[in-house]
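**Q** have a look; sequence and predicted model below, questions after that.
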Amino acid sequence: MSLNKIKIQVNARNRSHNFEAALGEKLLDAGLSNAVNLPYECGSGTCGTCKARIISGKLKNLWPEAPGNKFVKPKKGEFLMCQCSAASDVVIEVGSFVPTMEAGACVPSSMTGIVSSTKQLTSDVMSVFIELEQPLDFDAGQFMLLKFPEVEGFRGWSMVNYEQKTKTLEFVIKKKPDGILSDQLFSKNCTGQEVELFGPLGSATFYSNLTKNILCIAGGSGIAGIMSILSRAEQDGYFTQYKGYVFFGVRTALDAFFLDELSKFKESSGDNLKIVIAFSEDSDAKDLQSKYPLLDFDEGFIHEVTERYMEGKFDKIRAYIAGPTPLVNGSIGMLLKSRVSTDDIRYDKFS
Amino acid sequence: MGWKKICATDDIPENSLKQFNVDGVDLMIANYGEGFKAFPPRCPHMEEPLCDSGLVFDGLLTCSKHLWQWDMKTGNMQGMAEKELLFYNIKVEGGDLLGDIDQELEYEEDEEDDDDDEVDFFSAD
């Protein structure tokens, strides 16, 4: 073990991988930065997907209270790769297949940025724009882990925009009751704050060579990644050949946002794009309907509304789902029942 | 050893699954339309409780956590699955579902290291 670089060996079910990590660097970050596609979902200590087992060496647990620790058995040497760094050269074991990233993949890395502006979207949702030091490439539908000053740990947010080699990232942040970050962002002016970032991450990505119709199901701030997918599809003229169906669920008419932006997507894409906003609680959508004639408004839980609109249209579909876990699970069930193959269901459960 | 009653076949509607306890052994029963299958109640991937995450459609069992799937008729892995599901032997007799349930089926990694020795792999500082 040299002073700053630690040797990591990961034994996966298909092969082993060797790479180096810096002192204090999370094992998941070290692997991903070296294009080793270790298993993960949230990357922030919640989901338990990055569970691994120690074979030899010592680790440092950076967040022993991480909720995802309920999925690991320390007695058996298990730990979360997203919350542990190596304290010596280590050999670890991962119970799944681990490929290296394909050529051309956007390999994640650590970076810093500055909050350049914020924009209130509803009473509890805001857009946060971050200016990066270096331009970044990411795929439509990906997310970044962000750490704000005075807030412990990283959390994941999807990019709203899609541009290659961009220095500006837009995120949608929902206010959480009693959240330190929410207090900071919603009650103070955060412009100029320095933010640490790691990414891009996530596999719910869209590429214009897909050759399938796309179905996007989003709840609340989950619309962020879907906006990025629509942006890429629009830039590449995807909806001249393929259909797009977007279902955006919010609680009431007051909770809806991005309606101007969604209307613009519809305007430029024409009949091949259908966008439905659904309210889960009784809501008077008359005003919204007259203000946004290109969008459809409906009532009900989003996966039920989706099922109703999509009847007979589930063939040759790639589905993207983003939102709270019950929405994702309800939508997965609906899609499987509608004979959509698991190969065509993409989601990231990171919130 | 021997066949034990798990439930009546009518207890599990088509395309659904239900958890039972037979003499201290927890197990899931799936009715996949053409028949029934019995297996441990947790997904072999991350031990997700299948009573919450399991879905049965088109003869496939899916764990919605990471879309691991198994063909209920053949038992074969489908979709994202990387590990086999273990099955209990069952049979239908006069409207009842019987299982050859002697002891709990456990996945490989559950069997090892079941002692209480802590593995000390975290550095002190």
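**A** Sure thing, it's come through. Numbers count the residues shown, from 1 in each chain, chains lettered A, B, ... in the order given.
**Q** quick one, phi psi at the nearest residue to A:Cys47 once chain neighbours are set aside?
**A** Once flanking residues are discounted, A:Cys47 sits nearest to A:Glu41: 4.4 Å by CB to CB, 6 or more residues apart in numbering or on different chains. (C-beta placed from N, C-alpha, C; glycine too.) Backbone geometry at A:Glu41, expressed as degrees, to the nearest 10, gives phi -130, psi -60.
**Q** repeat that for A:Phe247.
**A** phi -120, psi 120.
**Q** any idea which element A:Leu32 lies in?
**A** Taking DSSP states H and E as the definition, A:Leu32 sits inside helix A:27-33.
**Q** let me see the contact set for A:Ala12.
**A** Applying CB atoms under 8 Å, 6 or more residues apart in numbering or on different chains, we find A:Ala12 in contact with A:Glu93, A:Val94, A:Ser96, A:Phe97, A:Val98.
**Q** these also near chain B: which ones?
**A** A:Ser96, A:Phe97 (CB under 8 Å from any CB of the partner chain).
**Q** could the contacts of A:Ala12 be laid out in JSON lines, adding neighbour count, secondary structure and distance to B:Gly24?
**A** Output for the contacts of A:Ala12, formatted as JSON lines (neighbours: other CB atoms under 10 Å in any protein chain shown; DSSP: H, G, I helix; E, B strand; the rest coil; distance: CB to CB, whole Å):
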{"residue": "A:Glu93", "neighbour count": "17", "secondary structure": "strand", "distance to B:Gly24": "32"}
{"residue": "A:Val94", "neighbour count": "21", "secondary structure": "coil", "distance to B:Gly24": "33"}
{"residue": "A:Ser96", "neighbour count": "18", "secondary structure": "coil", "distance to B:Gly24": "31"}
{"residue": "A:Phe97", "neighbour count": "13", "secondary structure": "coil", "distance to B:Gly24": "35"}
{"residue": "A:Val98", "neighbour count": "19", "secondary structure": "coil", "distance to B:Gly24": "37"}
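**Q** rewinding a little: quick one: the residue nearest to A:Cys47 from A:Lys349, how far?
**A** To A:Lys349, A:Glu41 is 5 Å away according to CB to CB, to the nearest Å.
**Q** where do the contact lists of those two overlap?
**A** Common contact partners of A:Glu41 and A:Lys349 (CB under 8 Å, 6+ apart): A:Cys47.
**Q** rewinding a little: check the contacts of A:Ala12 and tell me the two furthest apart.
**A** The most widely separated members of the contacts of A:Ala12, counting by CB to CB, are A:Glu93 and A:Phe97 (12.8 Å).
**Q** where are the low-confidence patches of the stretch 1-150 of chain A?
**A** A:1-3 (pLDDT under 70).
**Q** one more: the stretch 151-300 of chain A?
**A** Those would be none, if you go by pLDDT under 70 across the stretch 151-300 of chain A.
**Q** can we see that at 90?
**A** Along the stretch 151-300 of chain A, segments meeting pLDDT under 90 span A:151-153, A:175-190, A:282-286.
**Q** just the element for the one residue in it that gets nearest to chain B, please.
**A** Residue nearest to chain B within the stretch 151-300 of chain A (CB to the nearest CB): A:Ser203, separated by 11.1 Å. Following DSSP H and E, there is no helix or strand that holds A:Ser203.
**Q** count of neighbours near it?
**A** 13 (other CB atoms under 10 Å in any protein chain shown).
**Q** might you report the residue contacts of it?
**A** Counted by CB under 8 Å, 6+ apart, A:Ser203 has contacts A:Arg346, A:Asp348.
**Q** how about a cut-off of 6 Å?
**A** Counting by CB atoms under 6 Å, 6 or more residues apart in numbering or on different chains, A:Ser203 makes contact with nothing.
**Q** does the helix holding A:Leu32 come close to chain B?
**A** No. With CB under 6 Å from any CB of the partner chain as the criterion, chain B is not reached by helix A:27-33; the gap is at least 12.5 Å.
**Q** quick one: buried residues of that helix?
**A** The neighbour-count check on helix A:27-33 (16 or more other CB atoms under 10 Å in any protein chain shown) flags A:Leu27, A:Leu28, A:Asp29, A:Ala30, A:Gly31, A:Leu32, A:Ser33 as buried.
**Q** and these, which is closest to chain B?
**A** Nearest to chain B among the buried residues of helix A:27-33, with distances taken as CB to the nearest CB, is A:Leu27, at 12.5 Å.
**Q** hang on, isn't that closest one packed against A:Gln83?
**A** No. Contact between A:Leu27 and A:Gln83 fails when scored by CB atoms under 6 Å: they sit 9.0 Å apart.
**Q** picking up where we left off before, may I see the buried residues of helix A:27-33 organised as TSV, with distance to B:Pro44 added?
**A** Listed next are the buried residues of helix A:27-33 as TSV, based on distance: CB to CB, whole Å:
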residue	distance to B:Pro44
A:Leu27	24
A:Leu28	22
A:Asp29	28
A:Ala30	28
A:Gly31	24
A:Leu32	25
A:Ser33	30
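**Q** now A:Phe19: which helix or strand?
**A** strand A:16-22.
**Q** again, but for A:Asp260
**A** helix A:259-269.
**Q** okay, now the unreliable bits of chain B?
**A** Checking chain B against pLDDT under 90 turns up B:1-2, B:45-48, B:52-53, B:58, B:64-66, B:79-82, B:102-103, B:107-125.
**Q** can you map out the helices along it?
**A** B:50-53, B:108-111 (DSSP state H).
**Q** how about chain A?
**A** A:27-33, A:180-187, A:223-235, A:259-269, A:286-291, A:302-310, A:325-337.
**Q** so what touches the shortest one?
**A** Around helix A:286-291, the neighbours that count as contacts under CB under 6 Å, 6+ apart are A:Ala253, A:Phe297.
**Q** cutoff 10 Å now
**A** A:Ala253, A:Ala256, A:Leu259, A:Asp260, A:Ser263, A:Ile277, A:Phe279, A:Leu295, A:Asp296, A:Phe297 (CB atoms under 10 Å, 6 or more residues apart in numbering or on different chains).
**Q** report the buried residues of that helix.
**A** A:Leu288.
**Q** show me which residues of stretch B:66-80 are buried.
**A** Counting neighbours by 16+ other CB under 10 Å, the buried set in stretch B:66-80 is B:His66, B:Leu67, B:Trp68, B:Gln69, B:Trp70, B:Asp71, B:Met72, B:Met77, B:Gln78, B:Gly79, B:Met80.
**Q** A:Ala21: which of those residues is nearest?
**A** B:His66 (25.7 Å).
**Q** gap between that closest one and chain A?
**A** 7 Å (CB to the nearest CB, to the nearest Å).
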